[in-house]
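S.K.: Have a look at this prediction, sequence included:
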Amino acid sequence: MPKDQRNIKCSLYHWMIYISFITLSLFVVKHAHANDATPQKNSHCQALISSVQVIKSNVDNIRALPKSGWVNVITLPDYWDKRWGEYSTSAWYKINWQYQCPTKQNDMPITLVIQNINMAGEIYLNHEFLWKDQNLTEPLSRSWYTPRYWVLPASSLKQGTNHLWIKVIGTSTQKSGLGQIFLGEHSQMKKIYDRNLLEKRISPVLSFIINFIMGIFCLMVWAVNPTEKAFKWFGFVGIGWMIYVWGMMRQEPIFGLSSINLDRICIAIFCFSTISGCIAAWRLANKKFPYIESFLFIFCGLAIFCIFFLPEQYTPKLLNFIFVSCVIIFLLKCLSYPFIAYQSKLKETYVLAVQYLIFIPIVVNDAIYIMTLKGHILSPYTSPIGTLLIGFILAFRLANNAKSIAHFNQTLEKRIIQAKNELLNSLNNQHQLALENAKLQERINLSHDLHDGLGGSISRSMMLLENHDHIEKKQMLSILKLLRNDLRQTIDFGSSLNAKVPLNPVQWVAPLRHRFVQMFEEFAIQSKWMLAESWQTQPTALQCLTMARIAEEALTNIIKHSRASQVEFSLTENEQFLILKISDNGIGFDPAQVEAGLHVGLHSMQQRVKRLGGLFEIDSKTNQTVLKVSIPFTLAT
């Protein structure tokens with residue numbers, strides 16, 4: 001097994017053991033607190049609640065409260081919705097309790113613990129003010145996730161019956177009312193308070209911090225690597241849950257929002273986080289369910305629209321419906337995910353599936369608690385661990401991706417080496433082909449040069465011999481020397497690499513003019529040569545050689561085929577082209593028919609011009625044939 005894979009598995013085992021230890025510790029602490037929190041009979045001073053009563057009232061002065069109309073409360077916590085429906089003003093609770101303390105212990109205080117007040121309230125002890133929330137009108141303070149305790153001094157207590165007056169201001173969107181109340185010796189009450197503080201404040205705050213860190217981390221990973229879609233959605237879940245917990249835990253008003261508007265925002269965020277959690281889990285398994293996802297997004301959009309735009313009288317039932325719907329969606333995700341994980345064959349999805357199955361009873365318990373506020377909420381104990389486990393699953397995913405990338409890089413490196421070797425072989429083959437093509441091209445060029453140069457000279461010599469019955473030895477020797485010079489010139493200047501450019505057009509045309517003027521005189525052809533005294537733009541050796549070969553072929557064809565009596569030869573320049581123009585007054589010909597017949601000389605001239613990117617034009621009719629060749633300076637150089 002590779003070393004990095006062993007390290008990953010060892011880390012996974014260590015994290016699982018660590019998380020299990022934390023879960024067990026919290027479970028033991030929770031139950032230990034619960035056992036310790038059981039009120040025990042004090043051998044010295046005793047405080048026993050004898051009765052609890054409640055009445056609707058918006059009266060601030062407790063002495064002005066009505067004496068009739070009070071309703072007995074059987075047990076605490078007590079919430080209004082089952083008794084008064086969607087009542088959302090205020091109510092007074094009267095807690096009657098007995099204080100019994102031996103004479104010697106009259107200076108012993110009693111500690112009061114209130115689990116929660118939903119939403120805000122104020123407290124009086126025996127008609128004397130004890131405490132109140134900062135905001136008792138909208139926007140209200142939110143004390144429903146805040147346990148509190150007070151040490152009641154003995155000087156404020158009476159032997160026998162004492163009274164606690166608690167005014168509770170509530171809203172229709174929450175279960176307004178009063179949580180559990182405990183009275184007794186300080187050390188015992190402090191344990192009850194600490195348990196409630198852990199459940200309602202410390203654990204949610206820890207969950208808030210962990211979700212914030214995980215959400216930011218996931219979004220950063222997604223921002224760096226947008227292909228990791230699962231991280232994006234897990235980031236949305238973390239940030240959404242963080243905002244939801246912050247809104248629920250916040251004691252003082254947020255941005256001046258009323259309680260009902262804050263509840264709307266929290267439920268909207270809860271709905272979006274639930275949908276994002278489904279998408280995140282599916283993307284982790286590399287799965288997409290277009291129809292289901294579309295339905296969930298439509299549901300989320302409609303829910304948020306209704307939350308903010310439906311009349312206020314429908315809001316409590318609507319928020320309840322959306323909350324229950326989101327819980328059902330979450331449970332369906334948890335129940336179905338093991339099948340999705342099995343199909344994906346990814347190890348990290350197996351861990352997530354097990355976690356979701358464990359979440360099912362916890363979610364059911366917490367949903368019941370939120371709707372009834374009875375029992376104990378479990379998610380504060382498990383949420384931080386669950387969030388850390390999801391973070392570990394994502395880290396495991398990153399480790400697997402990194403390992404896959406490393407394996408891919410190794411494979412890619414091997415393939416690059418293989419491709420490099422194949423490319424070298426291909427380049428060697430291409431080099432050989434290029435050499436063969438160069439040899440072939442040299443042969444073609446040589447054949448063209450032999451045809452246009454030496455061939456023209458042989459043709460001229462043959463015509464000279466045909467026109468003279470007797471050739472003197474001196475003349476024959478001159479013809480042979482001319483053929484030898486043409487052959488030597490073809491060999492020496494077949495490639496323009498070492499050729500020299502004539503100093504001016506006159507020097508360039510001099511050898512041609514010398515040879516063809518003699519021939520023209522033999523055939524009674526008058527010739528006119530028009531050339532500039534100097535180059536405006538100096539051509540290359542290849543341009544000069546090409547023009548010379550074309551001129552030789554063209555002038556030879558005039559002697560052989562045109563029956564002309566006049567020939568005009570010109571070499572001119574403009575800013576872009578070197579232009580050769582040869583015209584005669586011969587019988588003319590049809591260029592199309594000649595080209596179709598694959599005339600060697602005409603084809604040779606066209607190919608030469610084409611190689612230099614020039615233009616080759618022939619206009620021929622009776623008594624006038626014009627050949628024009630234009631070679632560009634820029635393309636040819």
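M.R.: Nice, thanks for sending it over.

S.K.: all strands for the stretch 151-300 of the chain, in order.
M.R.: Residue ranges of the strands in the stretch 151-300 of the chain, as given by DSSP state E, counting those that start in this stretch, are 160-169, 177-178, 181-184.

S.K.: Of all those strands, which one is nearest I340?
M.R.: Taking CB to CB as the criterion, strand 177-178 is the member of those that comes nearest to I340, at 41.3 Å. Every C-beta, even on glycine, is put in place using the N, C-alpha and C of the backbone.

S.K.: out of the strands of the stretch 151-300 of the chain, deepest packed?
M.R.: Comparing the strands of the stretch 151-300 of the chain by mean neighbour count (mean count of other CB atoms under 10 Å), strand 177-178 ranks first with a mean of 26.

S.K.: what lines up beside it in the sheet?
M.R.: Each strand that strand 177-178 pairs with, and the sense of that pairing, follows from DSSP bridges: strand 78-79 (antiparallel), strand 117-118 (antiparallel).

S.K.: centre of the chain versus it, how much separation?
M.R.: The offset between the C-alpha centroid of strand 177-178 and the centroid of the whole chain comes to 49 Å, using CA atoms, centre = their mean, to the nearest Å.

S.K.: How about residues contacting it?
M.R.: Residues outside strand 177-178 that contact it (CB atoms under 8 Å, 6 or more residues apart in numbering): 54, 76-80, 91, 93, 114, 117-118, 121, 166, 168, 170, 373.

S.K.: Was I right to think W150 contacts I110?
M.R.: No - at 9.4 Å, W150 does not count as touching I110 under the criterion of CB atoms under 8 Å.

S.K.: between those two, which one's more packed in?
M.R.: Set side by side, W150 and I110 show more neighbours around I110, with 25 against 16, by other CB atoms under 10 Å.

S.K.: The more buried one: what's it in contact with?
M.R.: Residues in contact with I110 (CB under 8 Å, 6+ apart) are 45, 47, 99, 151-152, 154, 157, 183-185.

S.K.: neighbours around E436, how many?
M.R.: As a measure of burial, E436 has 10 neighbours, counting by other CB under 10 Å.

S.K.: Next one: it from Q430, what distance?
M.R.: 11 Å (CB to CB, to the nearest Å).

S.K.: which residues does the closest residue to R148 other than its chain neighbours form a beta bridge with?
M.R.: Of all residues not flanking R148 in the chain, I114 sits nearest, at 5.3 Å (CB to CB, 6 or more residues apart in numbering). Taking DSSP bridges, one obtains R148, I181 as the residues bridged to I114.

S.K.: Can you get me a residue count around I114?
M.R.: I114 has 25 nearby residues by other CB under 10 Å.

S.K.: Report the separation between it and I370.
M.R.: According to CB to CB, I114 and I370 sit 19 Å apart.

S.K.: Next: E436.
M.R.: For E436 relative to I370 (CB to CB), the value is 86 Å.

S.K.: got it, and W80?
M.R.: Counting by CB to CB, the gap between W80 and I370 amounts to 16 Å.

S.K.: among the strands of the stretch 151-300 of the chain, which is nearest A303?
M.R.: Shortest distance between A303 and the strands of the stretch 151-300 of the chain, using CB to CB, is found for strand 177-178: 26.8 Å.

S.K.: What mean pLDDT does that closest one get?
M.R.: The predicted model gives strand 177-178 an average pLDDT of 90.

S.K.: just stretch 123-130 next, same as before
M.R.: Within the predicted structure, the mean pLDDT of stretch 123-130 is 92.

S.K.: Would you mind extracting the C-alpha trace of it into PDB?
M.R.: Taking only C-alpha atoms (Å, rounded to 0.1, in the frame of the first residue of the first chain), the coordinates of stretch 123-130 have been written out as PDB:
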ATOM      1  CA  ILE A 123     -39.300  39.700  36.800                       C
ATOM      2  CA  TYR A 124     -40.400  40.800  40.200                       C
ATOM      3  CA  LEU A 125     -39.800  39.100  43.500                       C
ATOM      4  CA  ASN A 126     -42.500  39.800  46.100                       C
ATOM      5  CA  HIS A 127     -43.600  42.900  44.100                       C
ATOM      6  CA  GLU A 128     -40.000  44.200  44.000                       C
ATOM      7  CA  PHE A 129     -38.300  44.700  40.600                       C
ATOM      8  CA  LEU A 130     -35.600  42.000  40.000                       C
END
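
S.K.: Where is pLDDT lowest across the contacts of strand 177-178?
M.R.: On the confidence scale, the contacts of strand 177-178 reach their minimum at L373, with 66.

S.K.: Listing request: residues of the stretch 451-600 of the chain with sub-threshold pLDDT.
M.R.: Low-confidence segments of the stretch 451-600 of the chain, defined by pLDDT under 70, are located at 451-457, 459-499, 594-600.

S.K.: contacts for stretch 413-433?
M.R.: Looking at stretch 413-433 with CB under 8 Å, 6+ apart, no contacting residue turns up.
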